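> Quick one, fold the following:
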Amino acid sequence: MISTKNKTDLADTLALHIRAMRLPEATREYRAIDGRQFRIDLAFVAYKLAVEVDGGENLPNGGGRHNRAAGMASDSEKQNLLIMAGWRCMRFTGQQVKSGQAIATLEQFFRDHPQPQQG
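Okay, here's the model as predicted:
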């Protein structure tokens, strides 16, 4: 099982990249849906952009929580609820964070969407 610390470290790394690139501020562990316990790893609230970092892709037997049936079902439910509430959702693997692909994708998003969502 992936440790919460590893997932947190990956999200913290991405948060550092976001600050270094001077992108809009992201809120860590944001609760977007009233009455639900889940949190968004990094939320750009004004843009209604949820960013999730899924670690564990390199564990033996794909051992990360996001690679197991229950974890996948929970992630799908979370993402679907966010989309129904008007959020955009992006997911990145730990390797995408480490390689710089995640921050490059976010930079492109903010170039293409320079203004927060209205309403």
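
> who are the neighbours of the helix or strand where A73 lies, in terms of helices and strands?
In this structure, A73 sits in helix 69-84 according to DSSP states H and E. In this structure, helix 69-84 makes packing contacts with strand 49-54, strand 88-93, judged by 3 or more CB pairs under 8 Å, 6 or more residues apart in numbering; DSSP states H and E. No exception for glycine: its C-beta is placed from N, CA and C like everyone else's.

> quick one: low-confidence ranges for this structure?
The chain contains residues with pLDDT under 70 at 1-7, 56-71, 119.

> Recalculate using a threshold of 90.
Where the chain drops to pLDDT under 90, the residues are 1-8, 35-37, 55-75, 116-119.

> thinking again about what came up before, reformat the helices and strands packed on helix 69-84 as CSV; add mean neighbour count.
Below are those laid out as CSV (neighbours: other CB atoms under 10 Å):
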stretch, mean neighbour count
strand 49-54, 23
strand 88-93, 17
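
> so which of those strands gets nearest D41?
Closest to D41 of these is strand 49-54 (CB to CB; 5.1 Å).

> distance of the residue nearest the centre of the chain from A11?
By CA atoms, centre = their mean, the chain has its centre lying nearest to E52, at 1.6 Å. Distance, E52 to A11, using CB to CB, to the nearest Å: 9 Å.
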